[in-house]
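Visitor: Whatever this is, show me its structure:
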Amino acid sequence: MRTLKWLIKENWEILLLFLLPVLLMLINQVWMFSNIYVDPWIYFGHFIRLKQYLIAFPFYYGTRLSWILPGYLLHSLFPPLIAHYILHLVLYYIAVFSLYLVLKPHVGKRGAFLASASMGCYSFFLMAVGWDYVDGAGIAYFLMTVLMLSWAAGKENQIIWMALSGVFFGALIYTNLAWLAFLISLITYYVLINYPHRIKKTFISIAAFIVGFLAITILLGVVSYAIGGNLFFFMPSTDFVLSSLSQPHPWINDAHQWLGKPIWLVLPLIVLTGSLAVLSLSKFSKSFEEAALPLQKTFVVTCLIMIFVQITGIASVLQVPFYASYIIPSMFLAIGEVLKSLAMLSKYRFASVATFSLILIVSSLITVDYLFLVVADAQVIVFCLLFMAAVSFSIASSCNQKKIGGILAVLLLTASAIINFNAVWNVNQGVNRLQANALTSKLLSDNYLTVSNVQKLFRDIDPTASLFLWYSSKDPRESRAYDAIASASLWRSRLIGADFPSLQPYGISTKEPLSPQRLKDLKTRFTVSPKIAIFSQQKDVLQQAINSLKTVGFTAKSTATYPIKQDTIAFTITIIEVSKLKDTL
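Guide: Purely as a prediction, here's the structure:
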């Protein structure tokens, strides 16, 4: 018992960080599920049908094996919801504890804990690690790479840590080759932290990093080949990136169309301003100069990379949250470096500040709607004010003006509390929001289980992944499940229509006549693979399908029906086989 108490006392921050996501799920579990975007479901489809998809669809998203393989393995071993929770909680813990372990030698236990806990409650971080898109895995692998580089610079066995940093860097870029741009940030960080140690093994270190990178590449290639994919699994991604660089990015908009709207850029902008202020003052303060501020400099470099990629039109990395999330790990490393000044506080003052700050951050999650990416302004404003309080106290302390810094920090903390309390602490509104979150979580878990069950059904009845899909996205209740199933089934090459019984392609009005090109495409599809899965709650889907197919010279017969039921979701999948009308032969 004494040993247990001693362990808790000495490692309280580890225990609290471990329990944090449990608390967050009790408040708002919606962040643990994929939302309205298409792309996360594509990767979920690979988790269930990896072998079939690698053979049938050699597209770039199937090459992101450092993310897909863990999901595939867990879904092969556990029931879907258990596999999902394990996968995303492990991702959460890898990211949060990597950040903590990187920061602890730099800023101490207190700053490392508060920065890690803050990132663990940040809405856009939770969205990234909670859904099945690749950005959460990228954040975790980036922080693991930084951790390995940190240990390579400050510990013995430098070669081993450098090799492992190469392994995790390989895993990082194989989630998305876009992370390759941040190699500059990693080099900046390693040079800055390695310089004080004067370790003269540069060539060997680089060689070890390359060996680690090659090791993970070969491992993923062998696994890909063993399950039916390409040994050079990364080639589709490479070809996609090279082709994208040769033409304007389709999602890039003019700055006036989007700048000022994305709330996900507010905190990075405030932190960047604070980093530049701290770096400027470091030229006049010996305490700052001695610290070298590697994490502030790394964050500034990361921001410059993001801005360059956006301005040059390479990718819309600032316009959408799932690309802008790439800045999160560097941002919280920079935030953590500012929190070094917390070591000056007494034990009880630190406990008060940390508790008060985390209550503000966590409670603001009540009003966040992850389903439609509606992040409450209150949480972003609270984060900004808390960071400004930390910067004010840090700068004032470095100038021997702790009282002034303390007063400014208290004022900013008070302002953040007032904003948060006005947004959250209305009892009726808070209770209603918690109830709505619970209901939404139930709907999303049912949706998740439905997609999982249908994908397993398709895996059994359609091993060549050649079944076409047809449904109505106007269905008031089941349309979200239909869209998710279609996305998990790689709908771009397999969708007949999302406005059943219309044969118009997705996004084209049903009032318009079928174009000659559309008629040609349909005839080609029905000839190559005549089977279609129709999702509907209606009972006369076969007759509706026949009536539509007659207009293009085809008919159909039903070959199987599969009732789908998952608590709040219920519909029937009807498999039809299409053939030419006899009088058109």
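Visitor: okay, CA-based contacts and neighbour counts for the rest of this
Guide: OK.
Visitor: and residue 274, how far is that from residue 326?
Guide: Distance of residue 274 to residue 326, computed by C-alpha to C-alpha, to the nearest Å: 19 Å.
Visitor: repeat for residue 207
Guide: Using C-alpha to C-alpha, residue 207 is found at 27 Å from residue 326.
Visitor: now what about stretch 456-469, what contacts it?
Guide: 48-49, 52-53, 56, 486, 491, 494-497, 529, 531-535 (C-alpha atoms under 8 Å, 6 or more residues apart in numbering).
Visitor: Filter those down to the buried ones and hand me the PyMOL line.
Guide: A single PyMOL command selects the buried members of the contacts of stretch 456-469 (16 or more other C-alpha atoms under 10 Å):
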select buried, resi 48+49+52+53+486+491+494+495+496+497+531+532+533+534+535
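Visitor: hang on, residue 469 in a strand?
Guide: Yes: the assignment for residue 469 by DSSP: H, G, I helix; E, B strand; the rest coil puts it in a strand.
Visitor: State the number of residues packed around it.
Guide: Residue 469 sits with 23 neighbouring residues when counted by other C-alpha atoms under 10 Å.
Visitor: Same question for residue 553.
Guide: Counted with other C-alpha under 10 Å, residues neighbouring residue 553 total 16.
Visitor: any idea how far it is from residue 546?
Guide: 10 Å.
Visitor: cool, and residue 340?
Guide: 70 Å.
Visitor: Who has more neighbours out of the two?
Guide: More neighbours surround residue 340 than the other of residue 340 and residue 546, with 20 against 17 (other C-alpha under 10 Å).
Visitor: Go ahead and measure how far the helix or strand hosting residue 395 is from the middle of the chain.
Guide: Assigned by DSSP states H and E, residue 395 falls within helix 377-398. Between the centre of helix 377-398 and the centre of its chain there are 26 Å (C-alpha atoms, centre = their mean, to the nearest Å).
Visitor: Which strands or helices does that helix pack on?
Guide: Counting contacts by 3 or more C-alpha pairs under 8 Å, 6 or more residues apart in numbering; DSSP states H and E, helix 377-398 is packed against helix 266-281, helix 328-338, helix 347-363, helix 402-424.
Visitor: Just the angle for it relative to helix 266-281, thanks.
Guide: Between the axes of helix 377-398 and helix 266-281, defined by axes from the mean of the first three to the mean of the last three C-alpha atoms, to 10 degrees, the angle is 10 degrees.
Visitor: Keeping just the C-alphas, turn helix 377-398 into PDB.
Guide: The C-alpha coordinates for helix 377-398 follow below in PDB (Å, rounded to 0.1, in the frame of the first residue of the first chain):
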ATOM      1  CA  ASP A 377     -15.700  29.800 -29.900                       C
ATOM      2  CA  ALA A 378     -15.500  29.600 -26.100                       C
ATOM      3  CA  GLN A 379     -12.900  26.800 -26.000                       C
ATOM      4  CA  VAL A 380     -10.700  28.500 -28.600                       C
ATOM      5  CA  ILE A 381     -10.900  31.900 -26.800                       C
ATOM      6  CA  VAL A 382     -10.100  30.200 -23.500                       C
ATOM      7  CA  PHE A 383      -7.000  28.500 -25.000                       C
ATOM      8  CA  CYS A 384      -5.900  31.800 -26.400                       C
ATOM      9  CA  LEU A 385      -6.300  33.700 -23.100                       C
ATOM     10  CA  LEU A 386      -4.600  30.900 -21.200                       C
ATOM     11  CA  PHE A 387      -1.600  31.000 -23.500                       C
ATOM     12  CA  MET A 388      -1.400  34.800 -23.300                       C
ATOM     13  CA  ALA A 389      -1.400  34.500 -19.500                       C
ATOM     14  CA  ALA A 390       1.400  31.900 -19.700                       C
ATOM     15  CA  VAL A 391       3.500  34.100 -22.100                       C
ATOM     16  CA  SER A 392       2.900  37.200 -19.900                       C
ATOM     17  CA  PHE A 393       4.000  35.400 -16.800                       C
ATOM     18  CA  SER A 394       7.000  33.800 -18.500                       C
ATOM     19  CA  ILE A 395       8.200  37.100 -20.000                       C
ATOM     20  CA  ALA A 396       7.700  39.000 -16.800                       C
ATOM     21  CA  SER A 397       9.500  36.400 -14.800                       C
ATOM     22  CA  SER A 398      12.500  36.400 -17.100                       C
END
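Visitor: Next, the buried residues of it.
Guide: 377-398.
Visitor: now stretch 351-367, how far from the chain's geometric center?
Guide: The answer for stretch 351-367 is 23 Å, by C-alpha atoms, centre = their mean.
Visitor: for stretch 491-503, same thing?
Guide: 28 Å.
Visitor: for stretch 574-585, same thing?
Guide: 43 Å.
Visitor: Rounded mean pLDDT for stretch 436-447, please.
Guide: For stretch 436-447, mean pLDDT is 83.
Visitor: For it, list every residue counted as buried.
Guide: Neighbour-count burial for stretch 436-447 [16+ other C-alpha under 10 Å]: 436-438, 440-447.
Visitor: which secondary element of this protein has the worst mean pLDDT?
Guide: Every helix and strand of the chain was ranked by mean pLDDT, DSSP states H and E. The lowest is helix 286-291, at a mean of 54.
Visitor: Name the next helix or strand downstream of it, please.
Guide: Counting by DSSP H and E, what follows helix 286-291 is helix 294-311.
Visitor: other SSEs contacting that following helix?
Guide: By 3+ C-alpha pairs under 8 Å, 6+ apart, helix 294-311 packs against helix 183-194, helix 266-281, helix 328-338.
Visitor: The same query, at a cut-off of 10 Å, please.
Guide: helix 80-121, helix 183-194, helix 266-281, helix 328-338 (3 or more C-alpha pairs under 10 Å, 6 or more residues apart in numbering; DSSP states H and E).
Visitor: got the CA coordinates for stretch 87-94 in PDB?
Guide: C-alpha atoms of stretch 87-94 as PDB (Å, rounded to 0.1, in the frame of the first residue of the first chain):
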ATOM      1  CA  LEU A  87      -7.100   1.900 -31.700                       C
ATOM      2  CA  HIS A  88      -8.100   5.500 -31.000                       C
ATOM      3  CA  LEU A  89      -7.200   5.500 -27.300                       C
ATOM      4  CA  VAL A  90      -3.800   4.100 -28.100                       C
ATOM      5  CA  LEU A  91      -3.400   6.800 -30.700                       C
ATOM      6  CA  TYR A  92      -4.400   9.400 -28.100                       C
ATOM      7  CA  TYR A  93      -2.000   8.000 -25.500                       C
ATOM      8  CA  ILE A  94       1.000   7.800 -27.900                       C
END
